[in-house]
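Peer 1: Just need the structure, nothing else, for what follows:
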Amino acid sequence: MINRKRHFVKVVSEDQLSKIFRDLPDNPRVIASGNFATPKKLLSLFDSQVPHYTLHMLNAQKGIPDREGVNYETAFVGAGMRNNPRLKYVPSRLSLLPVLIRDHLVPDVLLLHTSTPRFDTVSLGIEVNILPAAIEAVREHGGIVVAQGNANMPYTYGDSQIYENEIDFLLLSDEPLSTHAPARISEVATHIGEKIASLVSNGSTLQLGIGSVPDAVLELMKSRTGLRIWTEMFSDGVLELEKLNALDSEIPITASFLFGSDELYQWANLNRRVRMLRTEKTNDPSLIARQAKMTSINAALQVDLYDQANASRVRGSIYSGFGGSTDFIIGSLHSRGGQSFMALPSWHAKTNSSNIVPLIDVAVTSFQHSYVVTEQGIATCFGKSQFEQAHNLIHRAAHPEARDSLTAAAQKMGIL
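Peer 2: Okay, here's the model as predicted:
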């Protein structure tokens, strides 16, 4: 571990930084900005100088270093790490990941993607998430904090602002930010979105996960008024609501990370309406519960007749992870007037099988939701007995071709 006196940030060249990286202890643990904020230049430079290391990123995208000597570690698997034999998946709610970083997964090096300096601060921009906790852990244990200052990174406010003296070395290197284009909203996703939107009233606070169903819901929210945003992440759909005055102008848009179009990034830059907070705040169920009519909308791969959801594993192997869905499900159920939606298609076309199953045979991601919604209908679960839950899931959410077999299974299980 490196022990060195802290000082104000030192702007360095690539050659200077290469030497610093070469002098690191063997096999350090590195945390880097994740999602769509990968510090590509910084990460590439690090990889060229350090033979063996563990790379920890959230929702890492394709293009990260991938070779022998680089081991992956994450609590939320992205396309850049998925199905990699060198991946170590760490199960964790996102709200608890900062605790793991503080006490168990302590980093030696932190590679940040930030804005360029503004007065005596830089901004973490579109990716705050676990990074403030990682900065604290690195400083506590004598590691180094290195930032890639990029003029294209939006300067956002809140916990994204960090003082220059919290950074050891700053490499000024501009590169285009990665953008994310939403997938085409399918007919099934539209039907599911319509059913969810029918139960969301004006003045609700929204948390939406990633995917076509949340995108469909936002599309249908454009005529609403007084909506609020308290979420883990958001994308261009929230910007569209802002343009149409569907959002409460007196309440800031609160999130921990964002990604989307260049227009979204330009809008977020120096925008006081956008408040970027660290994960421990956005995903704290007690803070989520305080939001007015908190409404969480998340997607699952399977739901069983006990209202248990699998949103993490495909054929037993990890696909993504808990993310923040469990935090928001709990917080929403504790909110006055709150509700939690779990959305999924009723039928899996590729495997020709039902996504409503008798009993999930892999790890359960979450349980106890207000509603399970498919294109077939809305199954009310919260406040119902296990018999009523099973009946509603079979007759209101499951595909018609699966209902007879699900009914027989439920009777054998003693819940119908």
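Peer 1: who does the helix or strand containing Ile31 pair up with?
Peer 2: Here Ile31 is covered by strand 29-32, with elements defined by DSSP states H and E. The pairing partners recorded for strand 29-32 under DSSP bridges are strand 53-56 (parallel), strand 109-114 (parallel).
Peer 1: and the first one, how far from the chain's centre?
Peer 2: It stands for strand 53-56. Computed by CA atoms, centre = their mean, to the nearest Å, the chain-centroid distance of strand 53-56 equals 20 Å.
Peer 1: Now for the residue nearest to Asp108 when sequence neighbours are not counted: which residues touch it?
Peer 2: Spatially, and ignoring its direct neighbours in sequence, Asp108 is nearest to Pro28 (3.7 Å; CB to CB, 6 or more residues apart in numbering). (C-beta placed from N, C-alpha, C; glycine too.) Applying CB atoms under 8 Å, 6 or more residues apart in numbering, we find Pro28 in contact with 50, 53-54, 107-109, 143.
Peer 1: hmm, who's touching the strand holding Ile31?
Peer 2: In contact with strand 29-32 (CB under 8 Å, 6+ apart) are residues 38-39, 42-43, 46, 53-57, 73, 101, 105-112, 130-131, 134, 138.
Peer 1: coming back round to it: can you redo the contacts of Pro28 as TSV with distance to Gly323, neighbour count and pLDDT?
Peer 2: Output for the contacts of Pro28, formatted as TSV (distance: CB to CB, whole Å; neighbours: other CB atoms under 10 Å; pLDDT from 0 to 100):
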residue	distance to Gly323	neighbour count	pLDDT
Val50	29	20	98
Tyr53	25	21	98
Thr54	21	18	98
Pro107	20	23	98
Asp108	26	21	98
Val109	25	25	98
Gly143	26	27	97
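Peer 1: neighbours of the residue lying closest to Glu14 once chain neighbours are set aside, just the number please.
Peer 2: Spatially, and ignoring its direct neighbours in sequence, Glu14 is nearest to Leu45 (6.1 Å; CB to CB, 6+ apart). The number of residues packed near Leu45 is 21, by other CB atoms under 10 Å.
Peer 1: Can you give me the buried ones in whichever strand or helix holds Leu45?
Peer 2: Leu45 belongs to helix 40-49 when elements are defined using DSSP H and E. Within helix 40-49, the residues that count as buried by 16 or more other CB atoms under 10 Å are 40-43, 45-47.
Peer 1: picking up where we left off before, can you name the residues that contact the residue nearest to Glu14?
Peer 2: Counted by CB under 8 Å, 6+ apart, Leu45 has contacts 14, 17-18, 21, 171.
Peer 1: picking up where we left off before, what about the strands paired with strand 29-32, which gets the closest to Val77?
Peer 2: When the strands paired with strand 29-32 are compared by CB to CB, strand 53-56 sits nearest Val77, at 11.9 Å.
Peer 1: And whatever helix or strand comes next after that closest one, what does it pack against?
Peer 2: Scanning forward in sequence from strand 53-56 by DSSP H and E, the next helix or strand is strand 70-74. Counting contacts by 3 or more CB pairs under 8 Å, 6 or more residues apart in numbering; DSSP states H and E, strand 70-74 is packed against strand 53-56, strand 87-89.
Peer 1: Need those in CSV (columns: distance to Asp236).
Peer 2: Shown next, in CSV, are the helices and strands packed on strand 70-74 (distance: least, CB to CB, whole Å):
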stretch, distance to Asp236
strand 53-56, 28
strand 87-89, 30
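Peer 1: Helix, strand, or coil at the closest residue to Gly237 other than its chain neighbours?
Peer 2: Closest residue to Gly237 apart from its sequence neighbours, by CB to CB, 6+ apart: Leu218 at 3.3 Å. The local conformation at Leu218, judged by DSSP: H, G, I helix; E, B strand; the rest coil, is helix.
Peer 1: Next, count neighbours for Leu218.
Peer 2: For Leu218, using other CB under 10 Å, the count is 25.
Peer 1: Okay, it and Thr282: tell me how far apart.
Peer 2: Separation of Leu218 from Thr282 (CB to CB, to the nearest Å) stands at 18 Å.
Peer 1: So which bits of the longest helix along the chain are buried?
Peer 2: In the chain, taking DSSP state H as the definition, the longest helix is helix 400-413. Within helix 400-413, the residues that count as buried by 16+ other CB under 10 Å are 402-403, 406-407, 409-410.
Peer 1: List of residues touching the lowest-mean-pLDDT helix or strand in the chain?
Peer 2: Counting by mean pLDDT, DSSP states H and E, the chain has its least confident helix or strand at helix 212-220, which shows a mean of 89. The contact list for helix 212-220, computed with CB under 8 Å, 6+ apart, reads 182-186, 189-190, 192-194, 196-197, 200, 206, 208, 235, 237-238, 240-241, 297-299, 343.
Peer 1: average pLDDT for the next helix or strand after that helix?
Peer 2: Reading on from helix 212-220 to the C-terminus, the next helix or strand found by DSSP H and E is strand 228-229. Strand 228-229 shows an average pLDDT of 98 in the prediction.
Peer 1: One more: stretch 246-265?
Peer 2: In this model, stretch 246-265 carries a mean pLDDT of 97.
Peer 1: Make 2 the starting number, not 1.
Peer 2: I'll keep to 2 as the first residue from here, and by that count the last item is stretch 247-266.
Peer 1: Start and end of that stretch, how far apart?
Peer 2: This stretch, stretch 247-266, spans 20 Å end to end (CA to CA, to the nearest Å).
Peer 1: phi, psi of the spatially closest residue to Lys11 that is not a sequence neighbour?
Peer 2: The shortest distance from Lys11 to any non-neighbouring residue, by CB to CB, 6+ apart, is to Phe170 (5.5 Å). Geometry field for Phe170 lists phi and psi as phi -140, psi 140, criterion degrees, to the nearest 10.
Peer 1: For Phe170, list the residues it contacts.
Peer 2: Counting by CB under 8 Å, 6+ apart, the residues that Phe170 touches are 10-13, 18, 21, 145-148.
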